[in-house]
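> Test case, fold it:
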Amino acid sequence: VDADRSTLSSRIKDALQPPYFSPARDIDRSEVDELLDKGSYTFVLEIPPRLEADLLANRGPSIQINVDATAVSQAAVGTAYIQEIIAREAANFLHQHGTSEVVPIEPVIRALFNQNLEAIRFNASMDIIMNVTMLGIILVGAAVMREREHGTIEHLLVMPVRPSEIAAAKIWANGLIILLAAGFSLHVVIEFVLQIPIIGSVELFLAGTAIYLFAVTSLGILLATIANSMPQFALLAIPVFVVMFLLSGTFTPFESMPPILQDIMYAVPSTHFVRFAQSILYRGAGLDVVWKDLMVMTALGAVFLAAALSQFRSMLVRQS
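The predicted structure follows:
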């Protein structure tokens, strides 16, 4: 937010360059809270009017730095870089104007959503996401593989049920248990034991978790229909889980990844669930902010389920 429109403010903006920062973009003051709530930006600088004039007049001006502190390490390191850049550009500007005395620009840090920069606030809910992902894939896939190895899948061939009904039973039976465990962890472990306040709607978070479970359990069935044994299923599930865990923004900032990798990870439901969970639990966002992530998770779950049903029919034919 550049309210000064001076040479100094332009130099500060131009100094924020990759690879440490994305290219700076001018926004209006009225957009700041909305963009931070959506997680569109991690850092927003508010340059006041007459910054350059106040610096030359030795008045000690200040710049406000708004920081989305949900990503603790990124927020701390990025804030230090920004402070260094502001101080360097101010010193160079004064030197070019023949002023030997360095008048520092005081940065006013405004940490949002995690004022004390405590990593536990971020890691606790991300651990829930990690466990939901892992259990959603493994429990459903292992249930299908166990029936195949024990031969009970053949009993299903003589029953008046369709493959979609068999898959739905696996999804809902295991998904409900995981959903209850996630709700218990959120209320008892995070709120009661760790004393971490939940800002947003828990009901909306659990509804989104149910949609996400639909996607990952469908993926688990798909992997189980591809594998021929439990060890093969494990070899398929582990790398899939690791990729979903490391590259979805759970512990690695999503914006720090190469653009082509970001585009690929948009086709993975965990990316949208992490963004959804952070918006709800940290920023107190409502349905008007997260509805797109819910729609994408639903669509990806439908794609995985359709592929799983196709493979499921082929598996039943092979078993017969």
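> surely residue 89 meets residue 12?
Yes. The pair residue 89 and residue 12 qualifies as a contact (Cβ atoms under 8 Å) at a distance of 5.1 Å. Bear in mind the C-beta positions are built from the backbone N, C-alpha and C, glycine included.
> more neighbours, the two?
residue 12 (25 against 20; other Cβ atoms under 10 Å).
> Contacts for the host helix or strand of that one next, please.
In the assignment (DSSP states H and E), residue 12 maps to helix 7-15. Helix 7-15 is contacted from outside by 2, 24, 26, 45, 47, 51-52, 55, 63, 85-86, 88-90, 92-93, using Cβ atoms under 8 Å, 6 or more residues apart in numbering.
> Now intersect those with the helices, please.
Among the contacts of helix 7-15, the members falling in helices (DSSP state H) are 51, 52, 55, 85, 86, 88, 89, 90, 92, 93.
> Neighbours of the closest residue to the fifth one other than its chain neighbours, how many?
By that I understand residue 86. Of all residues not flanking residue 86 in the chain, residue 105 sits nearest, at 5.5 Å (Cβ to Cβ, 6 or more residues apart in numbering). With neighbours defined by other Cβ under 10 Å, the count for residue 105 comes to 21.
> Check residue 253 too.
Neighbour tally, residue 253, other Cβ under 10 Å: 14.
> Report the contact partners of it.
42, 71, 74.
> Kindly reformat those residues as TSV and extend each row with distance to residue 191.
Putting the contacts of residue 253 into TSV (distance: Cβ to Cβ, whole Å) gives the following:
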residue	distance to residue 191
42	26
71	22
74	25
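> Turn the residues you listed into JSON lines, including pLDDT and neighbour count.
Converted to JSON lines, the contacts of residue 253 look like this (pLDDT from 0 to 100; neighbours: other Cβ atoms under 10 Å):
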{"residue": "42", "pLDDT": "82", "neighbour count": "21"}
{"residue": "71", "pLDDT": "72", "neighbour count": "25"}
{"residue": "74", "pLDDT": "78", "neighbour count": "18"}
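> would you list those in CSV and tack on secondary structure and distance to residue 98?
What follows is these, written out as CSV (DSSP: H, G, I helix; E, B strand; the rest coil; distance: Cβ to Cβ, whole Å):
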residue, secondary structure, distance to residue 98
42, coil, 37
71, coil, 41
74, helix, 38
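> out of the ones in helices among the contacts of helix 7-15, who's nearest residue 197?
Among the ones in helices among the contacts of helix 7-15, residue 86 lies closest to residue 197 (Cβ to Cβ), at 32.3 Å.
> what ranges of the stretch 201-320 of the chain fall below the confidence cut-off?
313, 315-320 (pLDDT under 70).
> coming back round to it: so what's the residue nearest to residue 86 up against?
51, 55, 60, 61, 62, 63, 86, 87, 90.
> isn't there a helix covering residue 298?
Yes. Assessed with DSSP: H, G, I helix; E, B strand; the rest coil, residue 298 lies in a helix.
> from what I can see it touches residue 210, true?
No. Using Cβ under 8 Å, residue 298 is not in contact with residue 210, being 10.5 Å away.
> Can you say which helix or strand has residue 110 in it?
With DSSP H and E as the criterion, residue 110 is inside strand 106-112.
> So which elements touch that strand?
Helices and strands touching strand 106-112, by 3 or more Cβ pairs under 8 Å, 6 or more residues apart in numbering; DSSP states H and E, are strand 62-68, helix 72-96.
> Relative to residue 19, how far out is residue 26?
21 Å (Cβ to Cβ, to the nearest Å).
> Quick check: buried residues in the one helix or strand residue 237 maps to?
Here residue 237 sits within helix 230-246, counting by DSSP H and E. Buried residues in helix 230-246, counted by 16 or more other Cβ atoms under 10 Å: 233, 236, 237, 240, 241, 244, 245.
> Next up, the contacts around the third one.
Read that as residue 237. Here residue 237 is in contact with 137, 138, 141, 220, 223 (Cβ under 8 Å, 6+ apart).
> ok, and the most crowded of those residues?
residue 220 (32 neighbours).
> In a helix, it, correct?
Yes. Counting by three-state DSSP, residue 220 is located in a helix.
> Hmm, it is touching residue 137, no?
Yes. If you go by Cβ under 8 Å, residue 220 and residue 137 touch, sitting 4.1 Å apart.
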